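*Asks:* Next one to model:
(2 chains)
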Amino acid sequence: MFKFTLSRILQAIPVMLVVVTVTFFLVRLAPGGPFDAEKAVPPEVLRALEANYNLDLPVWQQFTHYIGDLLQGDFGPSFRYPGRSVNELIAAGLPASAELGFYALLVAIVIGILAGIISSLRPNTAQDYIPMSAAMIGICMPSFLLGPVLVLIFGIWLEWVPVSGWGDIPGDKILPALTMGSAYAAYIARLSRGGMLEVLSQDYIRTARAKGLPERVVIFKHALRGGIVPVIAYLGPAFAGLLTGSFVVETIFQIPGLGRFFVQAAFNRDYTMIMGSTIFFALLIIVFNLLSDIVAVWINPRLRHQTQGG
Amino acid sequence: MAIWRRVLTPLICLWLTACGGGETNVEMGNREKILQFGNRTEPQELDPHIVTGIPEANIIAALLEGLVAKDPKTLEPIPAVAERWEISDDGKTYTFFLRKNARWSNRDPVTARDFVWSWWRALQPALGNQYAYMLFVIENAEAYNKGDIQDFERVGVKALDDHTLEVRLTHPTPYFLQLLDHQSTYPVHRGTIEAFGAPDQRGTRWTRPGNYVGNGPFVLTTWQLNKIIEVRKNPYYWDADNVRLNGIDFRPIENVSTEERMFRAGQLHITQTIPIDKVPEYRKNNPGVLQVAPYLGTYYYRFNVKKPPFDDPLVRKALNLAIDRKAIVTSITKGGELPATTFTPPDTMGYTAESDLRFDPEEARRLLAEAGYPDGEGFPVTDLLYNTSEGHQKIAVAIQQMWNQYLNVDIKLNNQDWKVFLNSVNLGDYDIARAGWIGDYVDPNTFLDMWVTGGGNNQTGWSNPRYDEIILKLAPAADTQAERYALMREAEAILLDELPVIPLYIYTSKSLIKPSVHGIYGNLLDHILYKNVWLSDADGNK
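*Replies:* Prediction:
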């Protein structure tokens, strides 16, 4: 297990290096610069601004400067927000995004796995079709539609929950968590249904039932463990995605998270912010993929055997 | 089923705690006299000599105050830090008498030397102040900013004593007093800025809550990124007795639909704008909260006059005559916009240009034939470029159809992401491009000086020696306003005759305002004088 983890960590280093290099040069190739605006910036002001952020140096020198700072954990100053460092912006947005991501994941797991189990118990009956159709709709319905619809029904017509905000008014976290979690819930429902169906047809389940165990124990103790393996593999990247926020959900609900910074950095050609968010996101994906692999191995004895053997 | 009970019970509980309403932001605001302000985007900075955007200006106007302010109804100059001023007979020397009770929020007095130092800072080349040009009407300010002279003593601003400031201008500039209410001419507190870095260093921590020392009616107390900026009443402000708000909460809300929903749910007193498709609904059902006012800005198309066939004025005129502006404002923009027949919005400080821009498809066809394209025959493939946005697209589609219908000319629509778009226009890599211009101050000069040869915002390649002569030499030196306006009318007539640009409509500002808000009037600059604003307790109908 240790060897497996170590080798995965070592593999991550060249991946990160490629991510950093490619992003660095790609953002500079995109037309338009960070200081272009509707009102033209006078040339001498532009020169002063570029000198301020080392953009007057040859690109390879900018790159070595950047790598030097990066190795010290410094993502540099944001071009868009003159008084802010990229580290500061990420640190400011992460708590809200992570919290939202956590709730959304909770919603996704609870609803998704339950729906998956329910449909797998009586495949190809109404009990299967209804949750699975709902899941299909959940996958297809984009959050920029679902969000406003939920707000309209529960926020404006019924006035049960606030229409936006984050931690200002009690209950304002419910709709964003539902909006963001629903698409993931739908995937998880389909994955867990598939996993459960496969497990439920196996001999050891028949044995468990033959022993006269109550159905509840058969499902939750024996079948579920194997049935959710595909879900675990999916959760790693899903959690990385949820943590780093969603531009759409954050914009609809006015949440001060990372997702807005990420997308806006690209629109604004905020080079350092694009770099910082890309690197941060890549790191998260690598870490959570690794974690989900470790959990999958731990939960599934057959995989555990393979890693110890190899 | 047991599972359902176990999962649903906590969920329902969570739901119920959320329900039951509670006080909205607006109710809280009315009670505590705190204005809930929708402010579009997260401000880039709060340093008046660095920022360029409207959301930033909205906040800075609460924190700092210039020599002169603007009347919120008429936009006429009213005393602010300066209690009065004298203008020399030649119109070139202004003497400002600063009020002795003007203070910074740390109780330091605001002196004439603060203004000299602040303008010195605003003109430092290394600061990268994009609005430094607002000070260029002052003698030698431009030369100093561009590094042609090093000695700031030669720039025309001098503190005669602590409370008297003398400013010498290059030309008599009738709009000079207006510039003094622009953030780029606001004073900043020297001790604070120097405590956090060099005066010309960008982005130091002096603008953070707790550090920010201002001289405006409010002080900065909270700044949470992408969430809220809170300002609260400044007890040391000279006119604090007349400030009726206890504070303002600025919320950066980028999505206009979210903003409108928040307004409906009682989370905002005032919005920056309103989704276009909601305007008719508010007009019909709730006109009391909708405020629409003419705005000092022009929506227009620019031609790349270096590129055939647009180097031919006949082609430009033909395309112009085939546009039905009235149809655009009545069936597309629908926000009370005015069809533009001049580039400078009509009645800009009493100035209205003469124009014969009109919709005349007959004449358009004749001119196009005269230019060598009878019935659109042989007209080259043309790109109409705009930055990605639903509104711009609708207008572009309409104009594409008009040109096709009346001139039999085929135009391809091409949309680009904002920064790519700016880059294309800047490099002259376009045929026809969408543009908008918002005046910096209420004077025709802000609409006309951009079209001089090689002007940074010209970007059409158009050039006319007589136009340059008027705008750069004759008009600034004019003795009287009447003479100056006459010259500017001549210049604008040249512009509208050669048409390097097609003005389409004059913008309007649109916002939603709760009935409990008083003291906000629609005006050309969408300008609010915060100390004039007050909130009534009940949200009754206005």
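*Asks:* Could you use CA atoms for every contact and neighbour count after this?
*Replies:* Fine.
*Asks:* where does whichever residue of the stretch 101-250 of chain A sits closest to chain B land in three-state SS?
*Replies:* Proximity to chain B, evaluated over the stretch 101-250 of chain A using CA to the nearest CA, is greatest for A:Gly171 at 4.3 Å. For A:Gly171, the reduced secondary structure class is coil; criterion used: DSSP: H, G, I helix; E, B strand; the rest coil.
*Asks:* quick one: it from A:Leu94, how far?
*Replies:* With the distance defined as CA to CA, to the nearest Å, A:Gly171 ends up 20 Å from A:Leu94.
*Asks:* Which of the two has more residues huddled nearby?
*Replies:* A:Gly171 (22 against 19; other CA atoms under 10 Å in any protein chain shown).
*Asks:* ok, the closest residue to B:Tyr133 other than its chain neighbours to B:Asp47 distance?
*Replies:* Nearest non-adjacent residue to B:Tyr133, counting by CA to CA, 6 or more residues apart in numbering or on different chains: B:Glu142, 7.1 Å away. The gap separating B:Glu142 from B:Asp47 is 21 Å, by CA to CA.
*Asks:* now swap in A:Glu198 and tell me
*Replies:* Distance from A:Glu198 to B:Asp47, counting by CA to CA: 63 Å.
*Asks:* go on, B:Gly456?
*Replies:* Applying CA to CA, the value for B:Gly456 to B:Asp47 is 24 Å.
*Asks:* could you say which helix or strand contains the closest residue to chain B within the stretch 201-310 of chain A?
*Replies:* When distances are taken as CA to the nearest CA, the stretch 201-310 of chain A approaches chain B most closely through A:Pro256, which lies 4.8 Å from it. For A:Pro256, there is no enclosing helix or strand under DSSP states H and E.
*Asks:* Could you double-check that it lies in contact with A:Phe247?
*Replies:* No: in this structure A:Pro256 lies outside contact range of A:Phe247 using CA atoms under 8 Å: 10.3 Å.
*Asks:* quick one, which of those two is more surrounded?
*Replies:* Using other CA under 10 Å, the more surrounded residue of A:Pro256 and A:Phe247 is A:Pro256, with 25 against 18.
*Asks:* per-residue confidence at the more buried one?
*Replies:* Per-residue confidence for A:Pro256 comes out at a pLDDT of 90.
*Asks:* got the contact list for it?
*Replies:* For A:Pro256, the residues meeting the contact criterion (CA atoms under 8 Å, 6 or more residues apart in numbering or on different chains) are A:Gly93, A:Ala96, A:Ser97, A:Trp166, A:Glu250, B:Leu225, B:Asn226, B:Lys227.
*Asks:* name the helices or strands packed onto the helix or strand that the fifth one is a member of?
*Replies:* Same thing as A:Glu250. Secondary structure assignment for A:Glu250, by DSSP H and E: helix A:247-253. Using 3 or more CA pairs under 8 Å, 6 or more residues apart in numbering or on different chains; DSSP states H and E as the contact definition, the elements that helix A:247-253 packs against are helix A:143-150, helix A:174-200, helix A:258-268, helix B:256-264.
*Asks:* what about that helix, average pLDDT?
*Replies:* Helix A:247-253 carries an average pLDDT of 88.
*Asks:* Pull the residues that contact that helix.
*Replies:* Looking at what lies outside helix A:247-253 - CA under 8 Å, 6+ apart - the contacts are A:143-144, A:147-148, A:163-166, A:176, A:179-180, A:255-260, A:262-263, B:253-255, B:258.
*Asks:* Quick check: B:Thr342 vs chain A, distance?
*Replies:* Distance from B:Thr342 to chain A, counting by CA to the nearest CA, to the nearest Å: 20 Å.
*Asks:* Excluding chain neighbours, what is closest to the closest residue to chain A within the stretch 251-400 of chain B?
*Replies:* Proximity of the stretch 251-400 of chain B to chain A (CA to the nearest CA) peaks at B:Thr258, 5.7 Å away. Once its chain neighbours are removed from consideration, B:Thr258 has its nearest residue in A:Ile252; the separation is 5.7 Å (CA to CA, 6+ apart).
*Asks:* tally of neighbours for that neighbour?
*Replies:* When counting by other CA under 10 Å, one arrives at 26 neighbours for A:Ile252.
*Asks:* do the one 10 residues further on as well
*Replies:* Neighbours of A:Phe262 under the rule other CA under 10 Å: 24.
*Asks:* List the residues that contact the spatially most central residue of chain A.
*Replies:* By CA atoms, centre = their mean, chain A has its centre lying nearest to A:Gly241, at 1.0 Å. With contact taken as CA under 8 Å, 6+ apart, A:Gly241 is in contact with A:Ile285.
*Asks:* which element follows the host helix or strand of A:Leu70 toward the C-terminus?
*Replies:* Take DSSP H and E as the rule and A:Leu70 turns out to sit in helix A:59-71. Later in the chain than helix A:59-71, the nearest helix or strand by DSSP H and E is helix A:86-121.
*Asks:* So is that following helix next to chain B?
*Replies:* Yes: residues of helix A:86-121 contacting chain B under CA under 8 Å from any CA of the partner chain: A:Ala92, A:Gly93, A:Val110.
*Asks:* and the residue of chain A found nearest chain B, how many neighbours does it have?
*Replies:* Here the residue of chain A nearest chain B is A:Gly83; by CA to the nearest CA that distance is 3.6 Å. Close neighbours of A:Gly83, defined as other CA under 10 Å, add up to 20.
*Asks:* Kindly provide the distance from it to A:Ala265.
*Replies:* 15 Å.
*Asks:* what does B:Gln416 give?
*Replies:* Relative to A:Ala265, and taking CA to CA, B:Gln416 is found at 17 Å.
*Asks:* between those two, who's got more neighbours?
*Replies:* Neighbour tally, B:Gln416 and A:Ala265, criterion other CA under 10 Å: the higher count belongs to A:Ala265, 22 against 15.
*Asks:* What residues does the more buried one make contact with?
*Replies:* With CA under 8 Å, 6+ apart, A:Ala265 has these contacts: A:Arg80, A:Tyr271, A:Met273, A:Ile274.
*Asks:* try 10 Å this time
*Replies:* A:Pro34, A:Ser78, A:Phe79, A:Arg80, A:Gly259, A:Tyr271, A:Thr272, A:Met273, A:Ile274, A:Met275, A:Gly276, A:Ser277 (CA atoms under 10 Å, 6 or more residues apart in numbering or on different chains).
*Asks:* Most neighbours among the residues you listed, please name it.
*Replies:* Tallying neighbours with other CA under 10 Å puts A:Met273 at the head of the contacts of A:Ala265, with 29 neighbours.
*Asks:* Give me the packing partners of the host helix or strand of that residue, helices and strands only.
*Replies:* Assigned by DSSP H and E, A:Met273 belongs to helix A:271-299. Using 3 or more CA pairs under 10 Å, 6 or more residues apart in numbering or on different chains; DSSP states H and E as the contact definition, the elements that helix A:271-299 packs against are helix A:2-29, helix A:59-71, helix A:86-121, helix A:224-227, helix A:229-243, helix A:258-268, helix A:301-309.
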